[in-house]
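Trainee: Need coordinates for the following:
(one chain, ligands or ions: 1)
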Amino acid sequence: MRDLIIDLDAIAANYKTMRARAGGANVMAVVKANAYGHGMVEVALKLEAEKVDFFGVADVDEALELREYGIETPILAWLHDPEDRFVEALDNEIDLCVANIEQLQRVADAARLTNLKGRIHLKVDTGLSRNGSTLAAWPVLLLQTKDLVEQGLIEVIGVFSHLSSTGPNEDRTQIEKFDQAVQLVRDSGIEFQLRHLTASDGSLSYPEAHCDMVRIGVALYGLSPFSDNKSAEYGLRPAMTARASVTQVKRVDAGTGISYGYLARAEKESTLALVPVGYYEGLPRNATGKHEVSINGKRYKIDARIAMDQFVVNVGDDEVATGDEVIIFGDPASGVPSADDLAIACDTINYEIVTRMGGRFKRTYLGSVE
Ligand SMILES: *Cc1c(COP(=O)(O)O)cnc(C)c1O
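Mentor: Residues are numbered from 1 along each chain as shown. Alright, predicted model coming up:
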C-alpha cells in the first residue's frame, strides 16, 4: 500500500560516479541517519560489496549496528554522548572522532580496559562551529594525543574537519585553516594516515581539497547537495521512490469541501482519490497546496490539507481506480516529481525530505545485496 522503493544499484552507480570524481582519494560512504532514510544496513552491505574504503556515521550506536550486521569495513563515528559505549566501540574496531581532551581520555580509558589501541580521528573546527577542537585548543590536544600514542594506547588514523558551505570565500578560508591544523599535527611528530575535509558539496566544488579521503553522503543517494543544481548534471540518479496505491475513489458533487479546513472544494462534480500517506510517513503538512504527485503518469497538485495518515487528490473526470499507483516523488528522469520538488514545496532541502521518510512506509529494495 505504501512503499519506499530503494534502488541499490543506483546507489552503487552514484558511489562509482563520486569515486571517479575523487581523483584517487579514498571514499567514505556516509550512512548515518538510516542512510538518509534509505536503510543503513542494506546500503552498507551493498557498498561494502563495492569495496568502499570507509563508512561514516554520527553515533557509536549506529556503528555498532553495522558491525552486528557483519560490516567489516572501517567505520568512523563522530558525534559522542558522554554515555556512549567506547569500550564496545574499541572491541568492534570502530574509529572514534576526538574533538577535545575529555573524549581523548575516554578513548584512552577504553584502551586500558580492553587492551586494544583506540583508533582516533582528530577533529578540528575550522569554522563550522559544531564539533571539533578550536584552533586555540588544538596544540594542547596534540600534546596529550602524542603522549597517549607514545604510551601505546591510541593510534591516530585521521585528521579532519567539515566545511560550512557558506560560499567559496568562507570555504577557502576553512581549507587554509585545515592545512595549517594538519601542519601542526605533522610538526608535533604524530603520525596519521588520512586527512579528510569535504562532504558531497565540497568534493564537487573543490577538487583541490579532496585530501586523502572524501566523505560522501547525499550524492550517494542520487541527490544534489546544491539547491540550484539538479543531480543529473553530475551523473547522479535518485535512489528513493515514494509510492502508494489509491485506497478509495468516489464521485462528489460540485461545491464539496475537501479535507480539514476546506482549503479545497470541488468546483464541479469530480472524482476524489484517497492516498494513504500523511505526515507520519514524512510527507510534510506544509506541502499542502504546493506539491504535485503523479497518478497513472499525470500530475495533480495536493490542494486539500495533508493529514496525519492520508491526503485527497481531486482528479476531476480522469479515470482513477482503487489500487492505482501514486508517485509522491522519485527520479525526475522518469517524468515523476522529485525529492527536490517536494523540498521546494515545503521550503526545506532534499536531505530532510528523504531522511524523514518513514512512518508506515515499507522499504523495498531493487538491486542485489551480496
Ligand atoms: C553528514 C556528514 C557528511 C556527509 O554530508 P553530505 O553533504 O551528505 O555529503 C560528511 N561529513 C560529516 C562530518 C557529516 O556530518
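Trainee: Identify the residue of the chain closest to the ligand, quick one.
Mentor: Nearest residue of the chain to the ligand: residue 217, at 2.4 Å (Cβ to the nearest ligand atom). No exception for glycine: its C-beta is placed from N, CA and C like everyone else's.
Trainee: where do the helices sit along the stretch 1-150 of the chain?
Mentor: In the stretch 1-150 of the chain, the segments counted as helices under DSSP state H, counting those that start in this stretch are 8-21, 32-37, 40-49, 60-68, 86-91, 101-114, 138-150.
Trainee: And those helices: which comes nearest residue 292?
Mentor: For residue 292, the closest of the helices of the stretch 1-150 of the chain is helix 32-37, at 21.0 Å, according to Cβ to Cβ.
Trainee: Quick one: mean pLDDT over that closest one.
Mentor: Confidence over helix 32-37 (mean pLDDT, whole number) is 98.
Trainee: what comes into contact with that helix?
Mentor: Residues outside helix 32-37 that contact it (Cβ atoms under 8 Å, 6 or more residues apart in numbering) are 4, 40, 42-44, 56-59, 62, 217-218, 221, 240, 282, 351, 354-358.
Trainee: Which residues of this structure lie near the ligand?
Mentor: Contact residues, the chain versus the ligand (Cβ under 6 Å from any ligand atom): 30, 32, 78, 162, 199-201, 215-219, 225.
Trainee: From the contacts of helix 32-37, list just the buried residues.
Mentor: Buried by 16 or more other Cβ atoms under 10 Å: 4, 40, 42-44, 56-59, 62, 217-218, 221, 240, 282, 351, 354-357, out of the contacts of helix 32-37.
Trainee: Setting aside sequence-adjacent positions, which residue approaches the residue positioned nearest the centre of the chain most closely?
Mentor: By Cα atoms, centre = their mean, the chain has its centre lying nearest to residue 36, at 3.5 Å. Spatial nearest neighbour of residue 36, excluding adjacent residues (Cβ to Cβ, 6 or more residues apart in numbering): residue 355 at 4.8 Å.
Trainee: residues in contact with the one you found?
Mentor: Contact analysis of residue 355 by Cβ under 8 Å, 6+ apart lists 33-34, 36-37.
Trainee: In ChimeraX, select just the buried ones from those residues.
Mentor: Entered in ChimeraX, the line below selects the buried ones among those, by 16+ other Cβ under 10 Å:
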select :33,34,36,37
